[in-house]
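>>> coordinates only, sequence not included:
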């Protein structure tokens, strides 16, 4: 077999540096973009961000899993103290022996952020060279401290410890949690009532009391998280039946050429300086064009969204229409991936609250009668029906499907209702049922 070298000319697309930068910037949200520009300005003295005096129209404060100490009825003299500090302080009144102190300190540093004991007691005893009985005895003392439920090894034990500390103890509640916890948690209450003889209404009352307890007592002593403020990228303004979009200038920054270096670009400076400034000027031009292109692309997409989802802005969430990336991409002459990058992480302030831009792209409801109803709209109607139902006689999935057709002419199957309900994290009718 003869081997030879052969040159073949092939045409294939290749991304330029400018195009790569434009694609990258398109996917950045406002915080990432600001950080990126700041980093470039440190390397390139020609880049200067244009300052804006436009005040933000709206901020949205969010917090994650924050628990109020006032709600817990627990007041700390020093909110900076850790859970371990508080437990050590309480242990001073317990007159622990040196061995017990060693065990106690080991156990409190084995608690997770929820206040649960992560390590097995027998393993802790082996590590400390003490008996399992001694470790168990110290654990019981630890579990007697505040907050109630601290040092539990499971959710079941955590709840039981809190029930046992209530001023008016409920023996039936303690029985259900200690001996029938799984059946109780699964809400198989009819079988539970038959087995224990506790009436259904009493089990319901017990469930309500347990719901008021703290399944993660350690978080009562956690440092409060900082509030996060989200500034929308786009504002939707509805006036006299007209829907318009306004860009937040902070989310679409512009840059200008630093005035100090502008004269040097055209002066007779030394060759090295001219070469350096020429390279940096090219970088400045690329960035300026990329930012301008990002703004133009997102503006086009937003304008298309406001036109296609006008009913949503005028009538509410239930008027959301099905819309795909391909539909918008074809209309604007862009690729689907471009639309996907452009909407990533972007937020829109609507008359109904702050929403992510991607929310407006939603598929058609499965087997809907008219074929022009989005699954988002169906879920909105579904939530409303469940919120309004009689909790003593919750609506079955089939009944929900019937009501959707009767009230909104939306025809979907019972299985689709169950699917959407699961996506909304709404339990079944049996789990939603309340007993008088």
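That came through fine. Keep in mind it's a predicted model, so treat the numbers as computed, not measured. Numbering: from 1, shown residues only.
>>> so residue 336 sits against residue 343, correct?
No. Under the criterion of C-beta atoms under 8 Å, residue 336 makes no contact with residue 343, lying 11.1 Å away. Where you see a C-beta, it was placed from the backbone N, CA and C, and this is true even at glycine.
>>> who has more neighbours, the two?
residue 343 (25 against 14; other C-beta atoms under 10 Å).
>>> right, and the more buried one touches residue 359 too?
No. Between residue 343 and residue 359 there is no contact under C-beta under 8 Å: 9.3 Å.
>>> helix or strand: which one has residue 237?
Here residue 237, judged by DSSP states H and E, is contained in strand 234-239.
>>> ok, residue 134 next?
Using DSSP H and E, residue 134 sits in helix 132-142.
>>> so how far is that helix off the chain centroid?
Helix 132-142 sits 39 Å away from the centroid of its parent chain (C-alpha atoms, centre = their mean, to the nearest Å).
>>> and the pLDDT for the closest residue to residue 169 other than its chain neighbours?
With C-beta to C-beta, 6 or more residues apart in numbering as the criterion, residue 169 has its nearest non-adjacent residue at 7.1 Å, and that residue is residue 163. For residue 163, the model assigns a pLDDT of 94.
>>> and residue 58, by the same measure?
So, for residue 58, pLDDT stands at 51.
>>> for the helix or strand hosting the residue nearest to residue 169, name the packing helices and strands.
According to DSSP H and E, residue 163 maps onto helix 155-164. With contacts taken as 3 or more C-beta pairs under 8 Å, 6 or more residues apart in numbering; DSSP states H and E, helix 155-164 sits against helix 171-179.
>>> which other helices and strands contact the helix it packs on?
Counting contacts by 3+ C-beta pairs under 8 Å, 6+ apart, helix 171-179 packs against helix 155-164, helix 189-196, helix 200-211.
>>> next, the angle helix 189-196 makes with it.
Here the directions of helix 171-179 and helix 189-196 differ by 100 degrees (axes from the mean of the first three to the mean of the last three C-alpha atoms, to 10 degrees).
>>> burial measure for the nearest residue to residue 109 once chain neighbours are set aside, as a count.
What sits nearest to residue 109 in space, not counting adjacent residues and going by C-beta to C-beta, 6+ apart, is residue 84, at 6.3 Å. The local packing of residue 84 (other C-beta under 10 Å) involves 13 other residues.
>>> kindly report the same for residue 87.
Residue 87 has 24 neighbours, counted by other C-beta under 10 Å.
>>> mind checking how far the helix or strand hosting it is from the chain centre?
Assigned by DSSP H and E, residue 87 belongs to helix 83-91. Distance, stretch centre to chain centre, for helix 83-91: 33 Å (C-alpha atoms, centre = their mean).
>>> over to stretch 21-38?
22 Å.
>>> what's in contact with it?
15, 47, 49, 231, 233, 248, 250-251, 253, 255, 286-287, 289-291, 293-294, 297-298, 338, 341-342, 344-346 (C-beta atoms under 8 Å, 6 or more residues apart in numbering).
>>> so which of those are in strands?
47, 49, 255 (DSSP state E).
>>> out of the residues you listed, who's the most crowded?
residue 47 (22 neighbours).
>>> so where's the stretch 251-400 of the chain uncertain?
262-270, 366-371 (pLDDT under 70).
>>> state the distance from the closest residue in space to residue 383 that isn't next to it in sequence to residue 320.
Spatially, and ignoring its direct neighbours in sequence, residue 383 is nearest to residue 424 (6.3 Å; C-beta to C-beta, 6+ apart). Residue 424 sits 15 Å away from residue 320, taking C-beta to C-beta, to the nearest Å as the criterion.
>>> what's the answer for residue 409, then?
If you measure residue 409 against residue 320 using C-beta to C-beta, the figure is 16 Å.
>>> settle it for me: which of these two has more neighbours?
Counted by other C-beta under 10 Å, residue 409 and residue 320 do not tie: residue 320 has more neighbours, with 22 against 11.
>>> what residues are up against the more buried one?
Residues near residue 320 by C-beta under 8 Å, 6+ apart: 309, 311-312, 360, 362, 374, 376-377, 380.
>>> please parse the protein into its domains.
Per the record, the chain has its domains at 17-57+230-359, 69-221, 364-432, by automatic domain parsing.
>>> returning to what we had before: can you tell me how far the residue nearest to residue 109 is from residue 350?
Taken as C-beta to C-beta, the span from residue 84 to residue 350 is 45 Å.
>>> quick one: the strands in the stretch 301-436 of the chain?
Here the stretch 301-436 of the chain has its strands, by DSSP state E, counting those that start in this stretch, at 347-350, 353-356.
>>> just these: most buried one?
strand 347-350 (a mean of 22; mean count of other C-beta atoms under 10 Å).
>>> longest helix of this protein, counting residues only.
Counting residues, the longest helix found in the chain (DSSP state H) is helix 271-308.
>>> what is the burial count for residue 182?
Residue 182: 8 surrounding residues under other C-beta under 10 Å.
>>> would it count as being in a helix?
Yes. Assessed by DSSP: H, G, I helix; E, B strand; the rest coil, residue 182 belongs to a helix.
>>> distance of it from residue 189?
Applying C-beta to C-beta to residue 182 and residue 189 gives a distance of 13 Å.
>>> what sits in contact with each of these two?
In contact with both residue 182 and residue 189: no residue, using C-beta under 8 Å, 6+ apart.
>>> check the offset of stretch 341-358 from the chain's centre.
Once both centres are worked out by C-alpha atoms, centre = their mean, stretch 341-358 turns out to sit 14 Å from its chain's centre.
>>> again, but for stretch 131-141
Using C-alpha atoms, centre = their mean, the mean C-alpha position of stretch 131-141 is found 40 Å from that of the whole chain.
>>> ditto for stretch 375-386
Distance of stretch 375-386 from the chain centroid (C-alpha atoms, centre = their mean) equals 21 Å.
>>> got it, and stretch 231-246?
25 Å.
>>> that older thread, which strands and helices lie in contact with the helix holding residue 87?
Applying 3+ C-beta pairs under 8 Å, 6+ apart, one finds that helix 83-91 contacts helix 98-108.
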